[in-house]
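In: Here is the input, now give the coordinates:
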Amino acid sequence: MKFELDQKTENRILAFTKYARFISEKFDVEIEFDGLKAHTNGRTITLPNLIGMSEREIEFLYCILL
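Out: From the prediction side, this is the model:
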C-alpha cells in the first residue's frame, strides 16, 4: 500500500529519521522502523513505521526514542 504524503509529513518523517540516525550512532544501537509497537532488547530499538502516523504520534515516538 502506497501513501501519498504531504510536504509537512515528509519533513517530519525526514527529521525523525535523521534524529534516530544520530541516536543510533551516538549510543551504538540499531533503530528499526518495522514493528507494530515500540520496544528494545537493549541493543536494537524497534519503532513502528512512521508512514500514516499523525504528528502527535510521531512526536510521542520522539519521547520513546529519548
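In: Spatially nearest residue to residue 50 (excluding sequence neighbours)?
Out: Here the nearest residue to residue 50 in space, its sequence neighbours aside, is residue 13; by C-beta to C-beta, 6 or more residues apart in numbering that works out to 4.9 Å. Where C-beta positions appear, they are placed from N, C-alpha and C, glycine not excepted.
In: What helices and strands are in contact with the helix or strand residue 56 falls within?
Out: The secondary structure element spanning residue 56 is helix 55-65 (assigned by DSSP states H and E). Secondary structure elements in contact with helix 55-65, counted by 3 or more C-beta pairs under 8 Å, 6 or more residues apart in numbering; DSSP states H and E, are helix 7-27, strand 44-48.
In: Give the burial count for residue 55, as a bare number.
Out: Residue 55 is surrounded by 10 other residues when neighbours are defined as other C-beta atoms under 10 Å.
In: is it true that it touches residue 12?
Out: Yes: contact status for residue 55 versus residue 12: in contact at 6.4 Å, counting by C-beta atoms under 8 Å.
In: Give me the buried stretch members for the helix or strand bottoming out on mean pLDDT in the chain, please.
Out: For the chain, scoring each helix and strand by mean pLDDT, DSSP states H and E identifies helix 55-65 as the least confident one, at a mean of 82. Residues of helix 55-65 classed as buried under the neighbour-count rule (16 or more other C-beta atoms under 10 Å) are 58, 61, 65.
In: need those residues in JSON lines with distance to residue 30, can you?
Out: Formatted as JSON lines, the entries for the buried residues of helix 55-65 read as follows, by distance: C-beta to C-beta, whole Å:
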{"residue": "58", "distance to residue 30": "20"}
{"residue": "61", "distance to residue 30": "16"}
{"residue": "65", "distance to residue 30": "13"}
